[in-house]
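Visitor: Just to be clear, the model below is a prediction. Sequence and coordinates:
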Amino acid sequence: MSLSDLNLESRVRYCFTCREHHIVNVNDYKTIQSLNFFEKEHRGHRTQVIDYKELKIILATQQSSKKW
């Protein structure tokens, strides 16, 4: 699922260590299993559930910090 598919009220779990995210409010089995795999893969990392709006800000600051 891409960021453009998410509505503004969506919540995502974001891993600050790996800089990866996964949608949280899901209703189908495959996405729930994928979220469980994401949580297992990032266990021990600094993760947090955040709003989609916050994710857009985080990704924008990461992109601006990569420019030189």
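Guide: Nice, I can see it.
Visitor: Check the secondary structure at Arg43 for me.
Guide: Following DSSP: H, G, I helix; E, B strand; the rest coil, Arg43 is assigned to coil.
Visitor: so what's it scoring on pLDDT?
Guide: Per-residue pLDDT puts Arg43 at 95.
Visitor: What of the one 4 residues further on?
Guide: The pLDDT attached to Thr47 in the predicted structure is 95.
Visitor: who's in contact with it?
Guide: Applying Cβ atoms under 8 Å, 6 or more residues apart in numbering to Thr47 gives the contacts Arg13, Tyr14, Cys15, Phe16, Glu39. All C-beta spots, glycine's among them, are computed from the backbone N, C-alpha and C.
Visitor: With respect to Asn27, which of those residues is nearest?
Guide: Ranked by distance to Asn27 (Cβ to Cβ), those are led by Arg13 at 16.0 Å.
Visitor: That closest one and Ser64: what is the separation?
Guide: Relative to Ser64, Arg13 is positioned 23 Å away (criterion: Cβ to Cβ, to the nearest Å).
Visitor: sorry, back to before: scan the contacts of Thr47 and report the most crowded one.
Guide: Neighbour counts for the contacts of Thr47, by other Cβ atoms under 10 Å, peak at Tyr14, which reaches 22 neighbours.
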